[in-house]
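Asks: Next input, structure requested:
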Amino acid sequence: MKPGLRIALVATSIFFLSCWSLPAHAADYTVKTGYLTCHEASGWGFVFGSSRELRCSYTANGGRTEYYGGSISKFGADIGYLKSSVILWAVAATTKDLKPGALAGHYGGASASLTLGVGGGANVLVGGFDKSIALQPVSVEGQNGLNVAAGVGEMSLKYRGEKEPR
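Replies: Okay, here's the model as predicted:
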């Protein structure tokens, strides 16, 4: 696939996924509270989906860092092998002062990615405490491998504390 076509496909995916956000009644009251960076484990995608482990760190606007573990699952088309992936989200919530561990919980939303050697994708997810936290893509998800995925994404995060787990 030509690089220009690949970039256009990823940009289009990000545009459409970014249009989806929190429910309408909460969208007027959201604040960016920080960034969540997740490292996704390698593995095979299967025709109807995949599930991979995550190691994440949340950096709040005030500089506090929290660590989370969990998994991300994709339902729909997910074909190929993903060698590595790093996902970066802006965290939006209905309050600017999230308590430690507030990102723990279940998230759901839209997911799309394309990897041919090096590629990218986007995942827009809503969940956490009372479904009041939105994870919106900041940039393209960086991936290595050979993989095509599109469908519904689900993520589960568990709070690991403010010290980096070993």
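Asks: Could I get the full set of strands for this structure?
Replies: Assigned by DSSP state E, the strands in the chain fall at 31-40, 43-45, 49-60, 65-93, 105-127, 133-137, 142-161.
Asks: what's the most buried one of those strands?
Replies: Comparing the strands of the chain on average neighbours per residue, with mean count of other CB atoms under 10 Å, the densest one is strand 133-137 at a mean of 24. Every C-beta, even on glycine, is put in place using the N, C-alpha and C of the backbone.
Asks: Within its sheet, name the partner strands of it and how each one runs.
Replies: Strand pairing for strand 133-137, determined by DSSP bridges: strand 65-93 (antiparallel), strand 105-127 (antiparallel).
Asks: Show me what the nearest residue to residue 163 once chain neighbours are set aside is bridged to.
Replies: Nearest non-adjacent residue to residue 163, counting by CB to CB, 6 or more residues apart in numbering: residue 67, 7.3 Å away. With DSSP bridges as the criterion, residue 67 is bridged to residue 57, residue 161.
Asks: Same check on residue 74?
Replies: residue 50, residue 153.
Asks: what's the spacing between it and residue 151?
Replies: According to CB to CB, to the nearest Å, residue 74 and residue 151 sit 6 Å apart.
Asks: and what of residue 39?
Replies: From residue 39 across to residue 151, the span is 22 Å (CB to CB).
Asks: again with residue 86
Replies: 21 Å.
Asks: In contact with the residue nearest to residue 163, which residues?
Replies: Neighbour list for residue 67: 55, 56, 57, 58, 159, 160, 161, 162, 163, 164, 165 [criterion: CB atoms under 8 Å, 6 or more residues apart in numbering].
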